[in-house]
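S.K.: One predicted model, sequence on top.
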Amino acid sequence: MAPQMSEMKCRCGRNAMEWVSFIQKNSGRRFVRCANRVTPCRFWKWIDDPVSPLVPSAMDLNVKKSQRIVKFLGLVMAASLVVIFVFLRMCLRPL
Ligand SMILES: [Zn+2]
C-alpha cells in the first residue's frame with residue numbers, strides 16, 4: 001500500500017509518512033515514519049492501538065484458503081495427468 005502523508009512531524013520537521021505494517025505479528029497496524037528516504041531521522045511511531053485479534057486471524061484464514069486452493073489445483077492437475085496417461089495408453093495399445 002502506498003504510504004500516506006501524516007499530520008505528524010518527524011524530527012526533521014517534515015510531515016511523516018503513514019505506513020501499514022505487514023509483519024505477521026503486527027499485520028495491518030499503521031505506523032508513521034520519517035518521509036526522508038535517504039537520511040531518515042529516527043522518528044517512528046505506531047498510530048493504531050494494538051490490532052484487534054480479528055485482523056491476524058482473518059489474514060490467517062486467507063492464507064489457509066489459498067493453501068486449500070493450491071492443494072485443489074494440484075489434485076486437478078494430477079487427475080488430468082492420469083486421464084491423459086490412460087487415454088494415451090488406450091490409443092497406443094497395439095491391436
Ligand atoms: Zn525525519
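M.R.: Structure received.

S.K.: any idea which element residue 84 lies in?
M.R.: Using DSSP states H and E, residue 84 sits within helix 54-92.

S.K.: quick one: average confidence on that helix?
M.R.: Mean pLDDT, helix 54-92: 86.

S.K.: which ones are touching the residue nearest the centre of the chain?
M.R.: Nearest to the mean C-alpha position of the chain, by C-alpha atoms, centre = their mean, lies residue 22 at 7.1 Å. By C-beta atoms under 8 Å, 6 or more residues apart in numbering, the contact list for residue 22 reads residue 28. Placement of C-beta: from N, CA and C, glycine included.

S.K.: Look up how far residue 34 lies from the residue lying closest to residue 5 once chain neighbours are set aside.
M.R.: Spatial nearest neighbour of residue 5, excluding adjacent residues (C-beta to C-beta, 6 or more residues apart in numbering): residue 15 at 5.1 Å. As judged by C-beta to C-beta, to the nearest Å, residue 15 and residue 34 stand 10 Å apart.

S.K.: Thanks a lot, catch you later.
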